[in-house]
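[1] sequence isn't available, so here's the structure alone:
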């Protein structure tokens, strides 16, 4: 009976969020401050929809997706909706809840320190590791076969990689390779690429790796550092200290960031070989 009750409560919350999204979908953002507008003072005020800054960033970051939004939801081009903020405020979520039960607001909640001058990440500060899996499944493919349909092979400085063409990621990686080729001193970090498309779970978790979507690349493992290599206790609960390490030149990071990719070297749970396409964390409005 307890399990059934819990299931009913979760179903009720999900249903209420669904109706909230669809109710807001009908709203329109009106500007009644225009000098040419005629306002009937006897009529009830027209509601103005305020779109959260996080949803504005998603719309601006992924123009090929033709996103729309309202005050509570992201609206996909096919009409599907995705709730921006669930029933739990992100400040009330534990680190594990943020990783395993995030909403779109959580996904954007940790500011990513773009540029060459960045602080050593504080404990559990992982901007970009919080991901709404349903968002990426919807965008790149619901399963391995669906993702494969949009993969193309590119030459990345001598390495043949399978990457997605969605969001023009294949073209962006080709541009990155072109820019990096102008710095021969960086070659050793970029040859023997660690991988791109690989449908799999993140080590030690039940979450899909972003490699599963063909929008992530690992550069040369030989010159990389990864937090799980640095600790005996490989739990990602963030309860013990991890000493930060990095050998990747920041010129590489700069070029990737300028093309919409974030770097795993700016995470407390660092992964310095790792670059993934996350323009919503880099865009400025």
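    Yes, it's here. All values derive from a computational prediction rather than experimental measurement.
[2] who's in contact with stretch 56-67?
    Stretch 56-67 is contacted by residues 55, 68-69, 74-77, 104, 108, 139, 166-168, 260, 279-280, 282-283, 285 when judged by C-beta atoms under 8 Å, 6 or more residues apart in numbering. All C-beta atoms are positioned from the backbone trio N, CA, C, and that covers glycine.
[3] now with 6 Å?
    77, 167, 279-280, 283, 285 (C-beta atoms under 6 Å, 6 or more residues apart in numbering).
[4] how far does stretch 228-241 stretch from start to finish?
    Counting by C-alpha to C-alpha, to the nearest Å, you get 12 Å between the two ends of stretch 228-241.
[5] who touches that stretch?
    So stretch 228-241 is contacted by 95, 124, 204 (C-beta under 6 Å, 6+ apart).
[6] now residue 50, nearest residue through space, not along the chain?
    For residue 50, ignoring the flanking residues on the chain, the nearest one in space by C-beta to C-beta, 6 or more residues apart in numbering is residue 71 at 5.8 Å.
[7] how near is the one you found to residue 152?
    Residue 71 is 38 Å from residue 152, where distance means C-beta to C-beta, to the nearest Å.
[8] the more surrounded of the two?
    Set residue 71 next to residue 152 and count neighbours by other C-beta atoms under 10 Å: residue 71 wins out with 19 against 13.
[9] surely residue 277 touches residue 169?
    Yes: Residue 277 is within contact range of residue 169, at 5.3 Å (criterion: C-beta atoms under 6 Å).
[10] who touches both of those two?
    Common neighbours of residue 277 and residue 169 (C-beta under 6 Å, 6+ apart) are residue 215.
[11] picking up where we left off before, from the contacts of stretch 56-67, which has minimum pLDDT?
    Among those, residue 285 has the lowest pLDDT, at 91.
[12] wait, what's in contact with it?
    Residue 285 neighbours (C-beta under 6 Å, 6+ apart): residue 56.
[13] on that earlier part again, please tell me which one of the contacts of stretch 228-241 counts the most neighbours.
    In the contacts of stretch 228-241, the most neighbours by other C-beta under 10 Å go to residue 124, 20 neighbours.
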